[in-house]
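J.: one predicted model, sequence on top.
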Amino acid sequence: MEQVPVNPTPSQIPDRNLFEFPYGPPISLDEAKALIAASETAAIARGLRMCLVVLDSGGNLVAFERMDGALLISVDAAREKARAAVLMKAPSKAAETIVASGGLGLTYLSTGVMAVRGGMPLIRNGQVIGSFGASGGSLEDDEHISWVGATALRRL
């Protein structure tokens, strides 16, 4: 597998509206492990101890890793960020923005959803095949590491 850069620059989010993407076949376990490995490398480079999670297109757990020393609260947070991304077909930052702005009068989105940065949808061939979630750093760190995981999908 090609090594994913620690600080990638191109956006992994397609230009068109993510809501247009249908759900597709789920990501495989081998692919999920590769995304976690790429994200772990990036987290180590930043000196972070994180929880990393990959969900399938139905929001079910495919793979999970808790790096040594990661906070226990990050276990659920990583999964809930990934759940927001797969349910909304958008980065979990979109949920954060909606809640923070009072958009649509929402204060509650769904059970098991965290409306903060750190979750990214996984898209292949115009279909959402799952999501990636990261927790354990600042919100900016979590967003970046989940972006690394989502970007790694392109290299498989």
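T.: Happy to help now that I have it.
J.: dihedrals phi and psi, R66?
T.: R66 adopts backbone torsions of phi -110, psi 110, taken as degrees, to the nearest 10.
J.: ok, it touching A43?
T.: No: using Cβ atoms under 8 Å, R66 is not in contact with A43, being 11.5 Å away. In this view, the C-beta of every residue, glycine as well, is placed from N, C-alpha and C.
J.: which of those two has more neighbours?
T.: More neighbours sit around A43 than around the other of R66 and A43, counting by other Cβ atoms under 10 Å; the figures are 27 against 18.
J.: all the helices of this protein, residue numbers only.
T.: Along the chain, the stretches classed as helices by DSSP state H are 29-45, 73-88, 92-101, 139-152.
J.: just the angle between the lowest-mean-pLDDT helix or strand in the chain and helix 139-152, please?
T.: In the chain, no helix or strand scores lower on mean pLDDT, DSSP states H and E than helix 92-101, which sits at a mean of 78. With axes from the mean of the first three to the mean of the last three Cα atoms, to 10 degrees as the criterion, the two stretches helix 92-101 and helix 139-152 enclose an angle of 150 degrees.
J.: just how off-centre is helix 92-101 within its chain?
T.: A distance of 15 Å separates the centroid of the chain from that of helix 92-101, by Cα atoms, centre = their mean, to the nearest Å.
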